[in-house]
Structures are given as C-alpha cells and as structure tokens.
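pasting the sequence and the predicted model now:
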Amino acid sequence: ADPSAGIITGELPAGKYACITHTGPYDDEGVYLANGKIVEWAKENHIQWDVETRDGEEWWASRVEWYLSDPGADPDPQSYITQLTFKVRE
C-alpha cells in the first residue's frame, strides 16, 4: 500500500496477547504510565512477553499501540483512547 495514503496493511503474529486500554491524553506520560502498568501486571502474574534481546536491544514479536480516537473529530484529550497490545510468550 502507498504509505502516503495513510493505510498500511499487515498481520500480527498468532498467539496470546495481553491488552490494556488507556483513556486520556497521549502526552503527559499517560500512555507511558499505561505501559508501566501492563509491565508491572505481567511481573506480578508471572507473564513473560514474547521478546528477546539481540546485541543489547529488545526485539518484540509484537507490541502495538492502537490509537482508537480521532483528535480531529474529538479534540478533547481526556477522551482519547489508546490500547496497548503485547504478545505473550507461550
């Protein structure tokens, strides 16, 4: 697909995922704090992410931030919805 058209196609790897939904601004550390919450939840529940380290860098099988709101249609940052989706190691 032509990236300038704003549409990109692809597939996520099959498997189990953990998701968290954040409602609020993208900035002011909102999405950053949501990332921290799902990582902490995984530690507390002995969940392992499908990630490996190569040359000191993390390589995730799948870790996606979905921006489900359209700031052009609703300019109120308090209503923005972001879903974080991380692939779990099976």
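Ah, there it is.

right, and H22 touches T85 too?
No - applying C-beta atoms under 8 Å as the test, H22 and T85 come out as separate, 11.9 Å apart. (C-beta placed from N, C-alpha, C; glycine too.)

settle it for me: which of the two has more neighbours?
The residue with more neighbours, out of H22 and T85, is H22; 21 against 16, by other C-beta atoms under 10 Å.

ok, the helix or strand containing the more buried one: who's next to it in the sheet?
Assessed by DSSP states H and E, H22 sits inside strand 17-23. Strand 17-23 sits in its sheet next to strand 81-87 (antiparallel), going by DSSP bridges.

can you pull out the strands in this protein?
17-23, 51-54, 57-60, 63-67, 81-87 (DSSP state E).

got the ones you listed as TSV, with distance to E40 and mean pLDDT columns?
Shown next, in TSV, are the strands of the chain (distance: least, C-beta to C-beta, whole Å; pLDDT from 0 to 100):
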stretch	distance to E40	mean pLDDT
strand 17-23	11	97
strand 51-54	16	96
strand 57-60	17	96
strand 63-67	16	93
strand 81-87	13	96
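
and the ones you listed as a markdown table, adding distance to Y32?
Below are those laid out as a markdown table (distance: least, C-beta to C-beta, whole Å):
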| stretch | distance to Y32 |
| --- | --- |
| strand 17-23 | 10 |
| strand 51-54 | 18 |
| strand 57-60 | 16 |
| strand 63-67 | 11 |
| strand 81-87 | 11 |
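
closest to V39 out of those?
Across the strands of the chain, V39 has its closest neighbour in strand 81-87 (8.4 Å, C-beta to C-beta).

contacts for the closest one next, please.
Contact with strand 81-87 is made by 12-13, 15-23, 26, 30-31, 34-35, 38, 42, 49-50, 60-69, as judged by C-beta atoms under 8 Å, 6 or more residues apart in numbering.
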